[in-house]
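Novice: here is my input, please return the structure:
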Amino acid sequence: MKKIFKTLAVCAVAGTLCAGVAAMAGCAEKTETFTGEYKYDNAWTPGDTYGVKVKVEVKGDKITKVTYQEDTDHYVNVSPSWQAGVPEGSLGATATKEKAQKYLDDTFVGKTVKEVKDLKVAVDATGAPIAVTKDNNKQTLDSAYILSGATQTSGRFVLAIQNALNDIHTGDAFGLVHGAGYAGFASVTVKAGAITDVQLSEVCLPTYVTIPNDDTTIGADYKVKATVKDHGKDVEKTFYKTVTFGSVTMTYDVTKGYVVGDKTMVEFFQDAQNVKTYYKAVMAGKVAVVVGEGNEGKKTDVMTKAALSKEENGYWASANGSVLTPATGKTYWMANRDATCKYVKEHGVDNLLNLARADAENVHSFWMDGTVSTGATWSDMNSKNTTNYVSYAQLIKNAFDAKY
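Specialist: Numbers count the residues shown, from 1 in each chain. Purely as a prediction, here's the structure:
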């Protein structure tokens with residue numbers, strides 16, 4: 001999954017792309033414009049991102065201009081000034097922003113495409129460029145390309161510019177899927193006009209993990225017993241009263257289910273950013289249930305990635321009447337997900353929203369693109385009457401359309 005979060009995004013926005021350094025040189029007097037991105041998850045705030053989006057102009061084999069897009073609420077290039085004072089060796093967020101454009105002008109304008117593409121930036125396991133400190137310097141980036149005191153920012157700029165020049169772009173999308181009961185994530189990567197990678201994943205919502213009805217270890221103040229619908233039947237279940245992730249607190253209401261403020265859980269998750277925040281928190285192991293007072297009462301070993309991710313929790317392990325046979329060790333969910341991603345990688349997204357069942361009356365039949373089978377049979381692949389959620393096809397199309 002790492003490559004999803006270290007997104008490399010590119011899109012040509014002016015003229016016909018000249019492929020490769022030699023082709024760029026052959027563009028002669030024509031100026032080509034490329035956009036690129038490099039980003040990775042903010043390790044401290046689920047749903048937020050460190051990254052930068054750049055626009056690079058090239059004439060012949062020389063870079064003539066580089067500009068960048070300003071930060072947004074959930075997407076920042078330079079670290080915000082959340083610390084008291086500026087840490088030793090750091091330029092600081094405000095000073096970095098003031099110097100950023102001059103750094104781009106002085107460092108990259110006039111350089112050849114090859115010079116910049118050949119640069120090496122050392123990153124850690126999260127995708128963050130390695131910072132230079134007084135006692136540690138494992139950064140491989142040529143010091144001439146580092147804005148002193150802003151190594152990580154410099155690394156992000158270099159990687160984003162390289163991705164622009166390499167013509168790689170990735171888009172991702174988040175949203176409720178499958179009956180508005182799960183948080184979905186999709187990513188599509190395109191290189192030189194061809195889809196090279198498709199990712200699709202789901203995590204269960206907090207209602208998926210419950211407390212045994214006869215449990216006596218958790219105090220009454222921290223759980224709620226309610227009768228809910230489960231596959232059309234009334235079932236009594238016991239839920240954790242309070243669930244937190246990031247700055248979000250969900251509280252279970254016996255009539256409304258989980259709520260955030262005055263919004264039901266489904267209403268809250270209509271905002272894709274909220275779905276992203278939850279999804280990232282699950283993947284980072286930062287969803288907590290409250291079973292006591294203070295920080296000690298917040299437990300992150302209950303609603304874990306292993307419990308909530310369909311990749312790990314054994315979701316849909318068996319199926320009656322299915323024409324799909326999962327490979328050994330795969331669930332039906334995995335088999336359908338893999339088939340869907342394979343279809344998109346091989347056939348693109350042009351007909352993705354026009355898929356239809358091979359047999360409209362048989363919910364077990366394959367989803368078809370004309371005479372081409374997707375190899376997938378799952379529900380909501382291309383549902384037309386979804387309410388409060390998107391189909392898997394639409395989520396993937398949204399990711400494709402979101403590429404920078």
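Novice: which residue ranges of this structure form helices?
Specialist: 2-5, 20-25, 93-108, 113-117, 151-166, 265-268, 272-283, 305-308, 332-347, 392-401 (DSSP state H).
Novice: from these, which stretch is densest packed?
Specialist: Most buried of these, by mean neighbour count (mean count of other CB atoms under 10 Å): helix 151-166, with a mean of 25. All C-beta spots, glycine's among them, are computed from the backbone N, C-alpha and C.
Novice: can I get the helices of the chain in JSON lines including mean pLDDT?
Specialist: Shown next, in JSON lines, are those (pLDDT from 0 to 100):
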{"stretch": "helix 2-5", "mean pLDDT": "36"}
{"stretch": "helix 20-25", "mean pLDDT": "44"}
{"stretch": "helix 93-108", "mean pLDDT": "84"}
{"stretch": "helix 113-117", "mean pLDDT": "95"}
{"stretch": "helix 151-166", "mean pLDDT": "92"}
{"stretch": "helix 265-268", "mean pLDDT": "98"}
{"stretch": "helix 272-283", "mean pLDDT": "97"}
{"stretch": "helix 305-308", "mean pLDDT": "98"}
{"stretch": "helix 332-347", "mean pLDDT": "98"}
{"stretch": "helix 392-401", "mean pLDDT": "97"}
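Novice: among those, which is nearest residue 33?
Specialist: Taking CB to CB, helix 151-166 is the member of these nearest to residue 33, at 9.2 Å.
Novice: which elements pack onto the closest one?
Specialist: strand 8-14, strand 31-41, strand 49-59, strand 62-68, helix 93-108, helix 113-117 (3 or more CB pairs under 8 Å, 6 or more residues apart in numbering; DSSP states H and E).
Novice: kindly recompute the last result at 6 Å.
Specialist: Applying 3 or more CB pairs under 6 Å, 6 or more residues apart in numbering; DSSP states H and E, one finds that helix 151-166 contacts strand 8-14, strand 31-41, strand 49-59, helix 113-117.
Novice: picking that back up, output the helices of the chain as TSV; include the columns distance to residue 321.
Specialist: TSV is the format used below for those (distance: least, CB to CB, whole Å):
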stretch	distance to residue 321
helix 2-5	33
helix 20-25	51
helix 93-108	58
helix 113-117	53
helix 151-166	46
helix 265-268	30
helix 272-283	31
helix 305-308	28
helix 332-347	11
helix 392-401	20
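Novice: relative to residue 139, which of those is closest?
Specialist: Nearest to residue 139 among the helices of the chain is helix 151-166; the distance by CB to CB comes to 5.9 Å.
Novice: show me where pLDDT drops low in this structure?
Specialist: Residue ranges of the chain with pLDDT under 70: 1-29, 78-93, 133-136, 385.
Novice: bridging residues for the closest residue in space to residue 67 that isn't next to it in sequence?
Specialist: Distances taken as CB to CB, 6 or more residues apart in numbering place residue 55 nearest to residue 67, at 5.0 Å, with adjacent residues excluded. Residue 55 has these beta-bridge partners by DSSP bridges: residue 35, residue 67.
Novice: I'd guessed residue 55 sits against residue 68; true?
Specialist: No: counting by CB atoms under 6 Å, residue 55 stays clear of residue 68, with 7.5 Å between them.
Novice: tell me where the stretch 151-300 of the chain has strands.
Specialist: Taking DSSP state E, counting those that start in this stretch as the criterion, the stretch 151-300 of the chain contains strands spanning 168-177, 182-191, 194-204, 223-230, 233-240, 242-245, 248-253, 257-260, 263-264, 288-290, 298-299.
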